[in-house]
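Participant: got a sequence here, can you build the structure:
(chains A and B)
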Amino acid sequence: MMRFYRMLLYFYPVSFRAEYGRELCAAFEREHGGRHGVGALTTFVAALGDVVPNAFAVHWDILRQDLRYMLRAIRQAPGFAITAVLVVALGVGANTAAFSVADFVLIRPLPFPHPERLVKLWETTPGYDQMELSPGNYRDWKADAKSFAAMGAYTTTAVNLTGTGEPQRLQTAPVTSDLFAVLGVRPLIGRWFNAADTVAAQSVILSYDLWQTQFGGDTRVLGQHVELDGTSNTVIGVMPPEFRFPTRDVALWTPLAFSDSALIERTDNYLEVVGRLRDGATLDGARAELSVIATRLRHDFPTENEGTGSYLNALRDDLSARSRLLLLALCGAALCILLLACANLANLLLARAVSREREIAVRAALGAGRERLVRQLVTESIVLALVGGVVGLAVAGVAVPGLARLVPDDLPIGQAPTLDLRVLLFAAVTIAITGLGFGIVPALRAGGARGLAGLRDGARAGGGRRQRTRGILVAIEVMASVVLLVSSGLLVRAMWRLQSVQTGFVADSVITLRTALPMPRYATAQAREPFFTRVLSDIRSLPGVTSAAYVSGLPMVMKGGVWGVALKGRAVIRDRSNSASLRFITPQYFTTLRIPIREGRDVSETDRTGRPYVAVVSESFAKRFWPNEDPIGKRFDAALHEREVVGVVGDVRVRGLEQQSEPQLYIPYLQADSGVLTYYTPKDLVIRTASSPAVLLPRIRQIIRAADPSQPISNVQTMQEVVASQTASRMGQLRVLGILAAIALLLAAVGIHGLLSFTVSRRTQEIGVRVALGAHSGQIMTMVVREGLLLCLAGVVPGLAIAYIAGRGMQALLVGVQPSDPIALGVAVGATCLTALLGCARPALRAARVDPSEALRAE
Amino acid sequence: MLPLPPATFHILMSVADEDRHGYAIIQDVAARTDGELKLSAGTLYRSIQRMLDQGLIAEARTRPAPALDDERRRYYSITALGVAVARAEMRRLTQLIRLAKARGLTPETA
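Facilitator: As a prediction, the model looks like this:
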């Protein structure tokens, strides 16, 4: 019984137990000692009822006392508390924000039931690691593979929605009916497609957002007809708000069916395929099975499936390596900041503990137990960490929306991460690490035997070991800031390199917008000609417009759209080097984008069906097929006809600034066959003009409405915006990294300054002696500065090593800039040393001004 | 500090006339209240600690004759502040009772 009571006493604070434990036991023994049986049980309960609430009350008393004491101390020296809170807030804020985005994009399960079994399927073809599937191969994979519980296909396109107010261009996903079984998400109202819908192809399912904005969230929308590209479709369902498949901008789902001829043709790759693994099936098993199937199909269709393999990935991981790296770099930067914050906080607390050494020693001498003092310091650390953590959460709350642009567009998730329970939990862990981990250790050290030696010591020496600890902490701060600076520097260099890439066109003063003509109404070149002619001639006659043209797709916007090129008598090789980026254009396209015509001529209005099939090719195209020959007049097969080269133009970065582009092939818009290749129908209007878009747009809208009142206008932007969007996510990342690096540098400088000031004030006597013995103030200053620079160097060297490793990891983002780039490294080291010098300045000056007579009299 | 928690007031009364150690206070309080209030050890020492902090009581400097003394016992005596606070509490309670009587309230007769 007594043993039990003694154990219960551990609920009490140590100081209380030490003070009253024996008496408590004695009192308890007299009262209850020697009971057995039922009596013992009641005693047991009584003891519990006595100890627990009383122990709690004692803890509470001490806490209140400590907090009061702390508030008083803070009021006397608010600088320390404010700095500590800000440092913790920074560490917690940066990490919580980075985690919330990384978790949202990389970690969190996708919003589907059993998301871990969802996989994405790709073909591999020569030159392309991830190619969409052809309908024929999709059908065979689906029929033969046993690893999947379900498999479904989709593609994405856009349709014109008319009849519900202003005509609109909406992103649409034609999907096979079995996609439902794969994803397992039920419509909010109505139903999903069935096989009959697929055949009839006249039904549509709405996204929640579209339902809310266009149909007022009315359930009577079911059965209603909507006009899509001029044909009537029945609404059969509405999906729930969190269903964003395949991407968040999809507003409609329509049934996807394959014609018999489409199933025979195996080189038209446009299907995106997702599958759900069967219970017990593994990713590797499915990979192996698909690989066998692909090999068999290669045998069965040697021409169409030449070099075609399979590629399988978890849907969660179907995210570009670049997006992943951008985020990982951000997380790395946040970790650097956390490290810095921890080092800084520990340093602050150590410095404070030292400056309070005397006070603590006095309190100890007056009878406060060591445990009480440590407890006081720990309480302070916890409170500082909590307050800092809360401020940090607020920082994260402000920062997270700004990070939304780092969320890639190609995932079935929303736009913006939110601060939810997972993120809060993460924040709590960060707070615990920063505040508690790095707060308690200095407290324990300060309260330790050495700390209590303060009075005896005359409180001057400062203790060599503690000084060394602080030096190491400062070096760590410098190291973290060097890593951040170098990484940011490398990314800035990469950005510059990208921005200096020649796009091949002149983006200034070009407005673009999209008028995607609906099929089948505009399925023939004859049907389209009046629209294009009228719109272009009206726009060209607007004041301030220099030229205008239509193209199948803008460079950097439409990146795909390639076609295999064959020379007379030779078979088409399905290889990246033999594919060309295919565009149908109207005259003036090259003039408008200022793509230089090197040889021959532009396409013309007289290049029509019935006339010789002609083409304009890019320089790389000419060089690829006719090296060292004059390409004009040469003939080749592409886009269903043999065509003759009539012009050669400069190359354009079709696939954007960071990727290599295929050679380009331009075909006159009037030489398109009826009803086929509608994907390449010109839809993007480019206008070179001195006027501002705001002035011109209303007139352009009028012109298009006059040509076809049901034609929506979408994607209005300047060509400069198109180019800028190429580097937008980098810009976002760089801005964040830049801010973090600046903060890191500042913190490191504060660390150096703090430590040196402290050393100088501790060494005043020593410096006084030196001066008295004849040292110049210059020598004294050199001594202090040398110490500061040594600290800096101790951080710079490992910092550079880590930065190099980090740079190697980010190589894919660096577009050829080497991790050892001398400019990035030089600037980072220079900035760090300069900041270190600034941190040294004040302490050095103070040291130089030490008056020997006063310094020696001081004690 | 007012109103005083009942345990505190009882402890003050207990050490008002002579210095007592912890267990003696428990026994004294129980005796004076005819066993109605039995302070638990936990409540007693928590109150003692708080009262020491507040300066209501102090550890007694003089100890009883060694024969009667127990090494581990500590004796507590009331301080001037303790007396003042106890008086103030009495005033407060007396006032309260006067007010209640003025309204015609009387304690139940057993």
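
Participant: and for A:Met131, the neighbour number?
Facilitator: If you count neighbours by other Cβ atoms under 10 Å in any protein chain shown, A:Met131 ends up with 18. The way it works is simple: take the backbone N, C-alpha and C, and place the C-beta from them, glycine included.

Participant: one more: A:Ala365?
Facilitator: 11.

Participant: what does it show for phi and psi?
Facilitator: phi -60, psi -30 (degrees, to the nearest 10).

Participant: could you report the pLDDT at it?
Facilitator: As predicted, A:Ala365 sits at a pLDDT of 73.

Participant: so it versus chain B, what's the distance?
Facilitator: From A:Ala365 over to chain B the distance is 18 Å, taken as Cβ to the nearest Cβ, to the nearest Å.

Participant: wait, A:Met798 sits on A:Met479?
Facilitator: To be clear, residue A:798 is Pro; Met isn't right here. Yes: A:Pro798 lies in contact with A:Met479 (Cβ atoms under 8 Å); the separation is 5.1 Å.

Participant: more neighbours: which of the two?
Facilitator: Neighbours were counted for A:Pro798 and for A:Met479 using other Cβ under 10 Å; A:Met479 has more, 27 against 15.

Participant: show the contacting residues for the more buried one.
Facilitator: A:795-796, A:798-799, A:802 (Cβ atoms under 8 Å, 6 or more residues apart in numbering or on different chains).

Participant: of those residues, which belong to helices?
Facilitator: Those of the contacts of A:Met479 mapping onto helices are A:795-796, A:798-799, A:802, per DSSP state H.

Participant: just the buried members of these?
Facilitator: Among the ones in helices among the contacts of A:Met479, those classed as buried by 16 or more other Cβ atoms under 10 Å in any protein chain shown are A:795-796, A:799, A:802.

Participant: what is the nearest of those to chain B?
Facilitator: Closest to chain B out of these is A:Gly795 (46.7 Å), distances taken as Cβ to the nearest Cβ.

Participant: tell me which element the residue of chain A found nearest chain B is part of?
Facilitator: Closest approach between chain A and chain B, counting by Cβ to the nearest Cβ: A:Asn54, at 3.4 Å. If you go by DSSP states H and E, A:Asn54 is part of helix A:37-76.

Participant: can you give me the strands for the stretch 701-850 of chain A?
Facilitator: Counting by DSSP state E, counting those that start in this stretch, the stretch 701-850 of chain A has strands at residues A:714-718.

Participant: get me the contact residues on it for chain B.
Facilitator: Proximity of the stretch 701-850 of chain A to chain B, by Cβ under 8 Å from any Cβ of the partner chain, involves no residues.

Participant: next SSE downstream of the lowest-mean-pLDDT helix or strand in chain A?
Facilitator: Between all helices and strands in chain A, the lowest mean by mean pLDDT, DSSP states H and E belongs to helix A:454-457, at a mean of 47. As assigned by DSSP H and E, the chain's next helix or strand after helix A:454-457 is helix A:464-499.

Participant: what is the mean pLDDT for that following helix?
Facilitator: 85.

Participant: quick one: distance of it to the chain centre.
Facilitator: From the chain centre to the centre of helix A:464-499 is a distance of 22 Å (Cα atoms, centre = their mean, to the nearest Å).

Participant: same check on stretch A:159-168?
Facilitator: 34 Å.

Participant: what average pLDDT does that stretch get?
Facilitator: pLDDT averaged over stretch A:159-168 gives 81.

Participant: looks like A:Pro174 contacts A:Tyr154 (just checking).
Facilitator: Yes: using Cβ under 8 Å, A:Pro174 makes contact with A:Tyr154 at a distance of 6.5 Å.

Participant: residues contacting the residue in chain B that chain A sits nearest to?
Facilitator: Nearest residue of chain B to chain A, counting by Cβ to the nearest Cβ: B:Gly42, 3.4 Å away. Neighbouring residues of B:Gly42 by Cβ under 8 Å, 6+ apart: A:24, A:50-51, A:53-55.

Participant: how far away is the closest residue to it other than its chain neighbours from A:Trp60?
Facilitator: What sits nearest to B:Gly42 in space, not counting adjacent residues and going by Cβ to Cβ, 6 or more residues apart in numbering or on different chains, is A:Asn54, at 3.4 Å. As judged by Cβ to Cβ, to the nearest Å, A:Asn54 and A:Trp60 stand 10 Å apart.

Participant: so which helix or strand takes in A:Ile632?
Facilitator: Per DSSP H and E, there is no helix or strand for A:Ile632.

Participant: surely it touches A:Trp626?
Facilitator: No: under the criterion of Cβ under 8 Å, A:Ile632 makes no contact with A:Trp626, lying 9.7 Å away.

Participant: the closest residue to A:Ser579 other than its chain neighbours: neighbour count?
Facilitator: Of all residues not flanking A:Ser579 in the chain, A:Val562 sits nearest, at 4.2 Å (Cβ to Cβ, 6+ apart). By other Cβ under 10 Å, the residues close to A:Val562 number 21.

Participant: who's in contact with A:Val562?
Facilitator: Counting by Cβ under 8 Å, 6+ apart, A:Val562 has contacts A:579-582, A:662.

Participant: list phi and psi for A:Thr157.
Facilitator: phi -150, psi -170.

Participant: buried ones in stretch A:468-488, by neighbour count?
Facilitator: A:469-488.

Participant: got it, and stretch A:192-208?
Facilitator: Neighbour-count burial for stretch A:192-208 [16+ other Cβ under 10 Å]: A:192-193, A:197-198, A:203-208.

Participant: ok, stretch A:667-687 next?
Facilitator: Buried, per 16+ other Cβ under 10 Å, within stretch A:667-687: A:667-672, A:677, A:679-687.

Participant: for A:Ala775, phi and psi?
Facilitator: The phi/psi pair for A:Ala775 (degrees, to the nearest 10) is phi -70, psi 140.

Participant: tell me, how many residues neighbour it?
Facilitator: For A:Ala775, using other Cβ under 10 Å, the count is 15.

Participant: equivalent analysis for B:Leu99, please.
Facilitator: 10.

Participant: okay, residue 49: pLDDT?
Facilitator: Chain wasn't specified; assuming chain A. 86.

Participant: right idea, wrong chain: chain B
Facilitator: With respect to pLDDT, B:Gln49 has a value of 88.

Participant: show me the contacts for A:Val736.
Facilitator: Counted by Cβ under 8 Å, 6+ apart, A:Val736 has contacts A:330, A:333, A:402-403.

Participant: in chain B, which spans are helices?
Facilitator: Using DSSP H, helices in chain B cover B:6-17, B:22-32, B:41-54, B:80-102.

Participant: ditto for the stretch 501-650 of chain A
Facilitator: For the stretch 501-650 of chain A, the helices defined by DSSP state H, counting those that start in this stretch cover A:525-540, A:589-593, A:619-625.

Participant: so what are the domain limits for chain A?
Facilitator: A:2-76, A:115-317, A:323-500+A:728-857, A:517-711 (automatic domain parsing).

Participant: out of these, which is closest to A:Met719?
Facilitator: Closest of these to A:Met719 is domain A:517-711, at 7.1 Å (criterion: Cβ to Cβ).
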